[in-house]
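Novice: generate coordinates for the sequence data below:
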Amino acid sequence: MKKGFIIIIALTLLLTGCTTGKRIEEYENGKPIVYTSFYPLYFLADEIGKDNISLRVVIPNGVEPHDYEPSIKQLKDIENADMFIYNGAGFESWTDKLLKTIIDEKKALSASDEVELNRIDGAVDPHIWLDPENMNKIGEKIKDRFISLDEEHKEEYEDNFKQLSQKLMKLDKDYQETLKDKKKDKILVSHAAFGYMAKRYNFDQISIAGVSPEQEPSPKTMADIIDFAKENNFKYIFLETLASPKIAKSIADEANLEILTLNPIEGLTEEEQKNHEDYISIMEKNLENLKKALMD
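Specialist: As a prediction, the model looks like this:
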């Protein structure tokens, strides 16, 4: 835990410890207050809860989330939530301390507790949301928790989840059918975010960085990746939307690779928000680019 975040926790406790815990405006209007840590969980909660919940997200869109730390105001607001949904598996470094201090663990839902976790080089891979089946399992748990908070709208939560589940299962079927006759079984990516996707659809990721995009590779690793790409006639390298493209572009130049986007959907860019993109539409675009790399 970084020293700065410890100070934030202490200040937050000082600011909130003597209050009566008065709820914010939406509570008075009868809506459960739900905080999600980042976009994929926001997407699920929004699809299931719709207008029956007051929904917020901690990590803003457009921000690389791996090392994000919430502000004092955010921490104070989260304390007043009826439910806090986070990814877990080490993705949000700040949540463990948060749950031990100002958040009641009974109000929290760790999405990673609902799925089978993978490991990469001994470390838990937190990118569970890139498998639609995982999203469906997490969504069902969110639906159940919403009903326990707000039984009056049980049928709406169930209907909303049913519609969401159908979208996710169609997405999964599209991936299965599109990639079943792929000619290649490996892709080159900027960081190891696609392990769950790769496992479900039977291909491998060769990553420049580890599970966090900030884990820069050594010169030897870069040289090995360039040699591997040349020896195996790779045509493409995948870049992301929020991480720095510098190293991946350097490898692309050296290995004469075409650049495609494979979006880990850790948050929406400004352009994606303007275009009303969401998890489903971005995953569909990911499939189109995977098809180029694996079917060509």
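
Novice: hmm, Arg56 is touching Lys73, no?
Specialist: No - in this structure, Arg56 is not within contact of Lys73 by Cβ atoms under 8 Å, at 11.5 Å. Backbone N, C-alpha and C define where each C-beta goes, glycine included.

Novice: so the two - more neighbours on which side?
Specialist: Arg56 (17 against 10; other Cβ atoms under 10 Å).

Novice: can you pull the contacts of that one?
Specialist: 33-36, 77, 81 (Cβ atoms under 8 Å, 6 or more residues apart in numbering).

Novice: part of a strand, is it?
Specialist: Yes - the assignment for Arg56 (DSSP: H, G, I helix; E, B strand; the rest coil) places it in a strand.

Novice: doesn't Leu75 belong to a helix?
Specialist: Yes - the assignment for Leu75 (three-state DSSP) places it in a helix.

Novice: tally of neighbours for it?
Specialist: Other residues within reach of Leu75, judged by other Cβ under 10 Å, total 24.

Novice: what does Lys220 give?
Specialist: Lys220: 8 neighbours (other Cβ under 10 Å).

Novice: pLDDT score for it?
Specialist: Listed pLDDT for Lys220 reads 88.

Novice: distance check, it against Ile226.
Specialist: As defined by Cβ to Cβ, to the nearest Å, Lys220 lies at a distance of 11 Å from Ile226.

Novice: likewise Ile53?
Specialist: From Ile53 across to Ile226, the span is 49 Å (Cβ to Cβ).

Novice: and for Lys274?
Specialist: Here Lys274 is placed at a distance of 36 Å from Ile226 (Cβ to Cβ).

Novice: sorry, back to before: Ile53 and Ile226: which is more packed in?
Specialist: Ile53 (22 against 19).

Novice: can you verify my assumption that the more buried one contacts Ile147?
Specialist: No - the pair Ile53 / Ile147 is not scored as a contact, 11.6 Å apart, by Cβ under 8 Å.

Novice: right, I'll call it a day here.
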